[in-house]
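This is a predicted model, with the sequence first.
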Protein chains: 2
Amino acid sequence: MNILDLVVGEPVKTTDERAEQIGPTQGVPIFGLDALSSVAYGPEAALSLLIPIGLLGVRYIIPISAAIITLLVIVYFSYRQTIAAYPSGGGSYTVARFNLGAPAGLLAAAALLADYILTAAVGISAGVGALVSAVPSLLPHTVSLCVGVLMVITILNLRGVRDAGLAFSVPTYVFVGTLLITIVAGVLRVLLSSGHPTPAAPLPPPPRMTEAVSYWLLLKVFASGCTALTGVEAVSNGVQAFREPAVKNAQRTLTVTIFLLAVLLAGISYLVKTYGIAATDAGQPGYQSLLSMLIAAVFGKGVFYYLTIASILFVLSLSANTAFADFPRLCRAIAQNNYLPHAFGYRGRRLVYTYGIVVLAVLCGGLLILFGGVTDRLIPLYAIGAFLAFTLSQSGMVMHWRKNRGRHWLKSALVNGLGALVTGITVVVVLAAKFVEGAWITLVFIPLTIVFFTAVRRHYHSVKILTTCKVPVHAESLSQPPIAVIPIDHWSNITRQGIEFAARLSPEVIALHVEPTEHSELLQEDWERYVEQPFRTAGKEPPKLRVLPSPYRFIIIPIIQFILDLSEKHPDRSIIVVIPELVEDKWYEYFLHNQRARLLEWMLLVRGNERIFAVSAPWYVGKRT
Amino acid sequence: MNILDLVVGEPVKTTDERAEQIGPTQGVPIFGLDALSSVAYGPEAALSLLIPIGLLGVRYIIPISAAIITLLVIVYFSYRQTIAAYPSGGGSYTVARFNLGAPAGLLAAAALLADYILTAAVGISAGVGALVSAVPSLLPHTVSLCVGVLMVITILNLRGVRDAGLAFSVPTYVFVGTLLITIVAGVLRVLLSSGHPTPAAPLPPPPRMTEAVSYWLLLKVFASGCTALTGVEAVSNGVQAFREPAVKNAQRTLTVTIFLLAVLLAGISYLVKTYGIAATDAGQPGYQSLLSMLIAAVFGKGVFYYLTIASILFVLSLSANTAFADFPRLCRAIAQNNYLPHAFGYRGRRLVYTYGIVVLAVLCGGLLILFGGVTDRLIPLYAIGAFLAFTLSQSGMVMHWRKNRGRHWLKSALVNGLGALVTGITVVVVLAAKFVEGAWITLVFIPLTIVFFTAVRRHYHSVKILTTCKVPVHAESLSQPPIAVIPIDHWSNITRQGIEFAARLSPEVIALHVEPTEHSELLQEDWERYVEQPFRTAGKEPPKLRVLPSPYRFIIIPIIQFILDLSEKHPDRSIIVVIPELVEDKWYEYFLHNQRARLLEWMLLVRGNERIFAVSAPWYVGKRT
């Protein structure tokens, strides 16, 4: 218990939930980290596609960024409305399920689950990858570092929402702060140099043009840039994590996050264009990340440069945290509708959904180990899930407004409708642009997940129907006690305790002795002397001793066989199997005694029927008095 | 069951033991393989120490071989007598224990166990090493190959003695046969060429002399050559595996093994000397094993050469089998005296000591994986154990003859006394020669093992004293039934079945409901309607429903606490905890239902006392009728 208290924290009372709730200050690090951190790779992913068209690429930065930021703003207004409409947590799953029906909800759920697993894995490996490229001597430890970061994030999340928010707020705000300072300083320099600033550090030469500009290329650039929008969904799923007024606090968190994201994206694009910075090829020597070049161009490679780069590394590897905040909540919402195991709905000692956190950690760890900590190939896979969920959620909201025609319902429906349209188009664009690179895997994964969901629900449903009981207890027929069966080896205190207990349960006790090789004369003698005589003296029917032969030296099988035969012979009786069992004092003593009792219990459970009950009669080595 | 039948074979009746017993034809492959295979590395190990003294080394081959063969013959006569005197399996452990007392027996046991584990690991890695040096492309798979060979040997041994003997007899006899043919052909050539044969294939040039001859060097050579004697003990441990007349058959096996070993050692030394073959350095390019050079010198590198080399590889990697035949028997003998867990005494479905085989496989696999399949550094560690055991066994036999003064007892005592003296000297020589190389590890391991043995025995002894029972059953006081406690969640068929069963066991039933967050009004209603009313109608006291609050959302802890309190309040009553439990139809459905029932059972076992009994009331999803 003590170790658990130390690592995960002491249990929190259900009634103390308020203390665990958060405001926007912690909300941004927890639910906004994924979105914010994407400025560290989104623009770069887009611009690196422009390398083949050389210096010309700079020309397209502003229009593409403008398109992405417009999309972001539309999505922002849509989700603001969603939060207000579903204060109990209105992720795409809930909204789509309520307004478009169960299949649409499951589609959104499967898409989002896939997306969160991928986000978590890619975030951690991107952060570790950046660290490793800064300190190459760490390269052989890539996987260990990934797993280490994963464990830190998992434990922080198990400690509860508040602890996670506190831990992540410093790096998040340092990251946002330093980038904002860079952008403001950069813009000032541009203005002071009347539009033609000199970089403080030399920039690499611009790439040569090897390809013509095409609409298809620009579409792919747009699709890559859209990864910056994943994670915007997060706040709407987690409204319940906020303190009252929850809706206002959640909306504020969303506003701050989206505002910061938009400013950062706009500022970076502007400066990149003005300084004429072009992406370098990640596979080639002399590679430098876009942000690294930008900060160096504005400030030179001084203390500030290294502080900013460090905060980027930190935030990238922690961006997985948003997935950890949302995945368990989403799983819980799905489990409440019986589409996932109910365990996802249990709240652990710190009021978080322990199972969801652990399952995400295991899946994410599996991906990281499988890909050796280098998850570049996974990047094309995500964004589809997020945009599919966006589209379903916004379409659902349109239906929601149509059904509950309140004031201004048409305006609200139009906002969400525009969101649905734009994100829907984006899904098609992203899917088309990235299909060959692996996006088709998502198209396979999502239907399989939906099949799994429905199978789980079918199982729960059938169990519910089977167990539902509208019949009262048969109180009249309960007078007949069960037949007690007790397997014994030799006469000992353990045996005696077991027989005394069996005799309390039933006047009809059968003792079983399996005889593989040794002869049972000694036992027969002891039985006569220590059991039969005292019973007769007390004027009671003594228990019967049955000796079972065992030519193959099996012990369990003859006992099971006897019990099944007995149960068949008495179809109206219950049978209680009393299993005398030695309980060791220390765990390592476990190996010194045979564990047949456990095995017999388990075999009875597997091969028995509902009239056969197993009771262990524990005899404690350490608690003799 | 079917897979087990296929891999390990169908169960054998205890009464069919005779069919599983073996004669000398299978005895040599099983119990002699270790000793015989040592001709593939023993002479080489000795001669490679002579490399520094160059051509001069050839001069010392014959006297050193003669010393080793003399030692072998002495040990042979000693063990022949031991087999006759202890027909129920007279390994060093038994003989030393009976005649020199328990501490000497444990010393021999610990030494032998260490030796067998090392022999098994070194044998497998030597065979795989030879294979890998023949086919260098297999080098990256060394560990996998080692583990594969280990698994084959393990499964063959689990299939029983006869199957193992059949499987190993072909390679063993090919190995012995081809080496004998080589020796006979070589000797003929020497005679035909009047003592100066021309090698059929060119030999590598003899090494240059870099060191002077010293007694210390010769002593080390002798100590290295003594590894050829490990495994001679094996037959004496396994007398019971032979068919009647067991003693005669065991002695014949020992005779054949030792005779073949002596002839092979003598022949190889003679030919090596006459052909002037010197060992080459294993670490250097151009390395060739001694036997490879010898066979090539006699026959050239033709088909016969490759057949012989293949059989050597095969036999080397299978030489571990002797350890697998003997280790379990030795463990069983030790376990019979309570120095090891009793599980080592159980005979599995094929009448072999399953636990010993599995434990050896695990330990050996651990060593192989730990050392990456290259166990050269382990070689100095063994031989000490074997010779220590030899010495103790022979000394014990001297005492044996003194006590049972039969006919010719003095002659018998003299034979064993000579054996004890010679092997005792060898222990000192081997220890001195190899101490720095790692033999000291054995000196640490053996006392630790003995401490473990005595701790195990002490535990069994205390449990035996605690459980020994000379008191009859208290038949008078058995009329008071236990208090039945049943934890319930909501009203269902599972609950109903559990309550009906609890009511059969006791008129006093307490139902427990833990309430973490939800309210229990519905349950209270159902309880009133489905339980209390029918009981009242039948004129019986209805079970009580107790609702336990749980501010921290724990379910198990409040139940355990209630039961412990109840047990304290009624120090004269037993408590039976009925745990209603849903048993899934398919294993994967396990994850869909919470496993609190199992956890509660386990917690009751750990935290309960001897008056608290847990019974699971299984409700089968799949067996509804």
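The structure has been received and is ready for your questions.

Quick check: next helix or strand after the host helix or strand of residue A:188?
Element membership for residue A:188, per DSSP states H and E: helix A:161-192. Using DSSP H and E, the helix or strand that follows helix A:161-192 in sequence is helix A:215-225.

in the helix holding residue A:188, what's buried?
For helix A:161-192, the neighbour count (16 or more other CB atoms under 10 Å in any protein chain shown) marks A:161-169, A:171-172, A:174-176, A:178-179, A:182-183, A:185-187, A:189-190 as buried. (Each C-beta comes from the backbone N, C-alpha and C, glycine too.)

count of residues packed around residue A:100?
19 (other CB atoms under 10 Å in any protein chain shown).

and it, what does it touch?
A:392, A:395, A:396, A:399 (CB atoms under 8 Å, 6 or more residues apart in numbering or on different chains).

Which of the residues you listed sits closest to residue B:243?
residue A:392 (76.7 Å; CB to CB).

Contacts only, for the closest one.
The contact partners of residue A:392, by CB under 8 Å, 6+ apart, come to A:92, A:95, A:96, A:100, A:104, A:105, A:107, A:108, A:111.

Nearest to residue A:33, out of these: which one, please.
residue A:92 (19.4 Å).

Quickly note the distance from that closest one to chain B.
According to CB to the nearest CB, to the nearest Å, residue A:92 and chain B sit 25 Å apart.

these two touch, right, that residue and residue A:112?
Yes. In this structure residue A:92 lies within contact range of residue A:112 using CB atoms under 8 Å: 6.1 Å.

can you list residues touching both of those two?
Contact criterion CB under 8 Å, 6+ apart; residues shared by residue A:92 and residue A:112: A:233, A:389.

And these two? Which one has more around it.
Counted by other CB under 10 Å, residue A:92 and residue A:112 do not tie: residue A:92 has more neighbours, with 32 against 27.

quick one, domains of chain A?
Domains of chain A are assigned by automatic domain parsing as A:19-462, A:476-620.

Highest mean neighbour count out of the ones you listed?
Ranked by mean neighbour count, the domains of chain A are led by domain A:19-462 with a mean of 20 (mean count of other CB atoms under 10 Å in any protein chain shown).

hang on, residue A:93 packs against residue A:104?
No. In this structure residue A:93 lies outside contact range of residue A:104 using CB under 8 Å: 9.4 Å.

what residue is smack in the middle of chain A?
residue A:360 (2.7 Å; CA atoms, centre = their mean).

how about the residues of the stretch 301-450 of chain A near chain B?
Contact residues, the stretch 301-450 of chain A versus chain B (CB under 8 Å from any CB of the partner chain): A:341, A:342, A:343, A:346, A:347, A:349.

Please identify the helix or strand for the last one.
Residue A:349 belongs to no helix or strand when elements are defined using DSSP H and E.

contacting residues around it?
A:4, A:8, A:9, A:10, A:11, A:12, B:552, B:553.

any idea how far the closest residue to chain B within the stretch 151-300 of chain A lies from residue B:48?
For the stretch 151-300 of chain A, the residue closest to chain B is residue A:160, as judged by CB to the nearest CB, at 13.4 Å. Residue A:160 is 65 Å from residue B:48, where distance means CB to CB, to the nearest Å.

Residue A:210 now?
Distance of residue A:210 to residue B:48, given as CB to CB: 63 Å.

can you check residue A:579 too?
60 Å.

now do residue A:142
Distance, residue A:142 to residue B:48, using CB to CB: 43 Å.

Equivalent analysis for residue A:327, please.
62 Å.

do residue A:100 as well
Counting by CB to CB, the gap from residue A:100 to residue B:48 is 80 Å.

again with residue A:466
For residue A:466, the distance to residue B:48 - CB to CB - is 74 Å.

again, but for residue A:199
Distance, residue A:199 to residue B:48, using CB to CB: 68 Å.

again, but for residue A:534
From residue A:534 to residue B:48 the distance is 75 Å (CB to CB).

Repeat that for residue A:436.
Distance, residue A:436 to residue B:48, by CB to CB: 60 Å.

so residue A:3, which of the three states?
Under the three-state scheme (DSSP: H, G, I helix; E, B strand; the rest coil), residue A:3 adopts helix.

scratch that, residue A:545
What three-state DSSP gives for residue A:545 is strand.

Run through the bridge partners of it.
Note on residue A:545: beta-bridge partners residue A:511, judged by DSSP bridges.

do the same with the one 4 residues further on
On the basis of DSSP bridges, residue A:549 is bridged to residue A:515.

now it: how far from residue B:367?
With distances taken as CB to CB, residue A:549 is found 42 Å from residue B:367.

Residue A:118 now?
For residue A:118, the distance to residue B:367 equals 41 Å [CB to CB].

Could you list the low-confidence segments of the stretch 201-350 of chain A?
A:282-286 (pLDDT under 70).

which residues in it form helices?
For the stretch 201-350 of chain A, the helices defined by DSSP state H, counting those that start in this stretch occupy A:215-225, A:234-237, A:246-275, A:290-299, A:303-318, A:320-336.

out of everything not next to it in sequence, what's closest to residue A:85?
residue A:400 (6.0 Å; CB to CB, 6 or more residues apart in numbering or on different chains).

same question for the host helix or strand of the one you found, mean pLDDT?
Under the criterion DSSP H and E, the helix or strand holding residue A:400 is helix A:384-403. For helix A:384-403, mean pLDDT is 88.

Centre of the chain to it, how far?
Averaging C-alpha positions (CA atoms, centre = their mean, to the nearest Å) puts helix A:384-403 23 Å from its chain's average.

still on that earlier bit, just read off the phi/psi values of the residue of the stretch 151-300 of chain A closest to chain B.
Main-chain dihedrals, residue A:160, degrees, to the nearest 10: phi 110, psi 160.

So it versus residue A:171, what's the distance?
Residue A:160 is 19 Å from residue A:171, by CB to CB.

next one: residue A:83
To residue A:171, residue A:83 is 26 Å away according to CB to CB.

cool, and residue A:276?
Distance, residue A:276 to residue A:171, by CB to CB: 31 Å.

do residue A:148 as well
In terms of CB to CB, residue A:148 sits 16 Å off from residue A:171.

Equivalent analysis for residue A:600, please.
Distance, residue A:600 to residue A:171, using CB to CB: 55 Å.

One more: residue A:230?
Counting by CB to CB, the gap from residue A:230 to residue A:171 is 20 Å.

Next: residue A:273.
28 Å.

what do you get for residue A:189?
Residue A:189 sits at a distance of 27 Å from residue A:171 (criterion: CB to CB).

now do residue A:369
25 Å.

Over to residue A:117?
Separation of residue A:117 from residue A:171 (CB to CB) stands at 23 Å.

again, but for residue A:280
Computed with CB to CB, the distance linking residue A:280 and residue A:171 is 26 Å.

Would you mind listing the buried residues in stretch A:463-477?
Here stretch A:463-477 shows A:463, A:466, A:467, A:469, A:472, A:473, A:475 as buried, counting by 16+ other CB under 10 Å.

which one of those is nearest residue B:432?
Closest approach between the buried residues of stretch A:463-477 and residue B:432, by CB to CB: residue A:463, at 72.6 Å.

Report pLDDT for that closest one.
pLDDT, residue A:463: 86.

What are the neighbouring residues in contact with it?
Contacts of residue A:463 by CB under 8 Å, 6+ apart are B:582, B:593, B:621.

Can I get those in a markdown table including pLDDT and distance to residue A:54?
Formatted as a markdown table, those follow (pLDDT from 0 to 100; distance: CB to CB, whole Å):
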| residue | pLDDT | distance to residue A:54 |
| --- | --- | --- |
| B:582 | 84 | 67 |
| B:593 | 73 | 62 |
| B:621 | 77 | 66 |
